[in-house]
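K.L.:
model the structure of this input:
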Amino acid sequence: MITKRIIIETASIENRIGKYLGILYKAHNLTNKQLDILLRLILKYQEIEKKYSPLKDTDLFNRLLFSADSRKEIRDLLGINDNVFQNYFSALRKKKVIKNNKLVTQYVPPLDDFELVFVFPKPNTDAKTS
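P.N.:
Numbering: from 1, shown residues only. Coordinates of the predicted model:
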């Protein structure tokens, strides 16, 4: 298997997560505004996780993330009203980015350096088509 390595330089954690989301979530057909909201949710989640990391309690992290105060902070940051924000949240739920008022953490990039690996297997050319 041939390996191609591309290093993506980023200037800030926000820029890094934005690029990460741009790569992964375009496949999920998220709009730019949904990506913005998801970026803010992830940044807030990581802020909470860092503050309460000794607890390792993802339920607590999510309760704090989806609290009225956190939602208002994100709404104010993005300059959108509550009704519009709720519509975006509904869309993120439908696309399974948010489940049961929890951010699906498999999509949250780690705080440290990480590698994202894509494998493009060779198509099976021996398969018969009918």
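
K.L.:
could I have the helix or strand encompassing Ile42 exported to CSV, CA atoms only?
P.N.:
According to DSSP states H and E, Ile42 maps onto helix 32-51. Provided in CSV are the C-alpha atoms of helix 32-51 (Å, rounded to 0.1, in the frame of the first residue of the first chain):
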residue,chain,number,x,y,z
ASN,A,32,-21.4,26.2,6.4
LYS,A,33,-23.5,27.5,9.3
GLN,A,34,-24.0,24.0,10.7
LEU,A,35,-20.2,23.6,10.5
ASP,A,36,-19.8,26.9,12.3
ILE,A,37,-22.1,25.8,15.1
LEU,A,38,-20.4,22.4,15.3
LEU,A,39,-17.0,24.1,15.5
ARG,A,40,-18.3,26.3,18.4
LEU,A,41,-19.8,23.2,20.1
ILE,A,42,-16.5,21.3,19.8
LEU,A,43,-14.5,24.3,21.1
LYS,A,44,-16.8,24.6,24.1
TYR,A,45,-16.7,20.9,24.7
GLN,A,46,-12.9,20.9,24.7
GLU,A,47,-12.9,23.9,27.0
ILE,A,48,-15.2,22.0,29.5
GLU,A,49,-13.2,18.8,29.1
LYS,A,50,-10.0,20.6,29.8
LYS,A,51,-11.4,22.3,32.9
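
K.L.:
then the worst-scoring helix or strand of the chain on mean pLDDT to PDB, C-alphas only?
P.N.:
Ranking every helix and strand in the chain by mean pLDDT, DSSP states H and E puts helix 13-24 at the bottom, with a mean of 80. Once side chains and other backbone atoms are set aside, the C-alpha atoms of helix 13-24 remain, and they are given as PDB (Å, rounded to 0.1, in the frame of the first residue of the first chain):
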ATOM      1  CA  ILE A  13      -6.900  25.400  17.700                       C
ATOM      2  CA  GLU A  14     -10.000  27.000  16.100                       C
ATOM      3  CA  ASN A  15      -8.300  26.900  12.700                       C
ATOM      4  CA  ARG A  16      -7.200  23.300  13.200                       C
ATOM      5  CA  ILE A  17     -10.700  22.100  14.200                       C
ATOM      6  CA  GLY A  18     -12.200  24.100  11.300                       C
ATOM      7  CA  LYS A  19     -10.000  22.300   8.800                       C
ATOM      8  CA  TYR A  20     -10.700  19.000  10.500                       C
ATOM      9  CA  LEU A  21     -14.500  19.600  10.100                       C
ATOM     10  CA  GLY A  22     -14.100  20.800   6.600                       C
ATOM     11  CA  ILE A  23     -12.500  17.500   5.600                       C
ATOM     12  CA  LEU A  24     -14.900  15.200   7.500                       C
END
